[in-house]
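Trainee: My questions are about this predicted structure, shown below with the sequence.
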Amino acid sequence: MTRAFAAATDQEFGVYYAQDRAGSGKNKVLLTGQNAEAAWRTPIKANACDLSGRLSLVIGMPILIVDNVAVELGLCNGSKGTLVSVQYVVRDGKRYALSVEVDVPSYQNPQSSSEHPHRVLL
C-alpha cells in the first residue's frame, strides 16, 4: 500500500531500518552486517510487539498511532495523522530512522504559540 500511495501522490518511497540490538542489560550489542540483515528478513510473528526492523514511509501518508503515547495530549491508540517528515541517517547505503514528525489533529501542542499546534515529533 505504501508504494501505491507514493505512486499516486508522486512522492518518494523510502524504506527505513531500525538499529536492532540483541542480548540483555549491559550485554546488549548492536546487530550489524549479516546479523542485522537476518533480523530484518525474519517474518513478523502474530504475537510480536514490534516490527521486523524496517518500515516503508512516504511523506504525506496517513498514519495510525497504535499505543497510548500521551493520552492527556490526544496522542493515543487509534489517533490518526499525516506523516510530515522523517529524520534519518544513512549508513552503508541504508536509511536508519531517528524520528518522524506527524500532524495529528487530536493533538494540541501545550505551547500555544507553536506555528503547527497539531504537529508532534515521535
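Mentor: Looks like it came in fine. Given the structure is predicted, the values throughout are model-derived calculations rather than measurements.

Trainee: For the rest of this, base every contact and every neighbour count on C-alpha atoms.
Mentor: Will do.

Trainee: in the sheet, who's paired with the residue nearest the centre of the chain?
Mentor: The residue lying closest to the centre of the chain (C-alpha atoms, centre = their mean) is V100, at 6.1 Å. When bridges are called by DSSP bridges, V100 pairs up with V86.

Trainee: residue ranges for the strands of the chain, please.
Mentor: Counting by DSSP state E, the chain has strands at residues 14-17, 21-22, 29-30, 54-57, 62-64, 80-91, 94-103, 119-121.

Trainee: Comparing these, which yields the minimum mean pLDDT?
Mentor: Per-stretch mean pLDDT for the strands of the chain is lowest at strand 21-22 (a mean of 77).

Trainee: L64: what's it in contact with?
Mentor: Taking C-alpha atoms under 8 Å, 6 or more residues apart in numbering as the criterion, L64 is in contact with N77, G78, S79, K80, G81.

Trainee: swap in V89?
Mentor: R95, Y96, A97, L98 are the contacts of V89 under C-alpha under 8 Å, 6+ apart.

Trainee: wouldn't the third one be in contact with Y16 here?
Mentor: Yes. With the criterion set as C-alpha atoms under 8 Å, A97 and Y16 qualify as a contacting pair; they are 5.5 Å apart.

Trainee: got any residues that touch both of the two?
Mentor: With C-alpha under 8 Å, 6+ apart as the test, A97 and Y16 reach no residue in common.

Trainee: still on that earlier bit, now, which of the contacts of L64 sits nearest A38?
Mentor: Proximity of the contacts of L64 to A38 (C-alpha to C-alpha) peaks at N77, which lies at 30.4 Å.

Trainee: tell me the contacts of that closest one?
Mentor: Taking C-alpha under 8 Å, 6+ apart as the criterion, N77 is in contact with L64, I65, V66, D67, N68, V69.

Trainee: Could you rerun that using 7 Å?
Mentor: Residues in contact with N77 (C-alpha atoms under 7 Å, 6 or more residues apart in numbering) are I65, V66, D67, N68.
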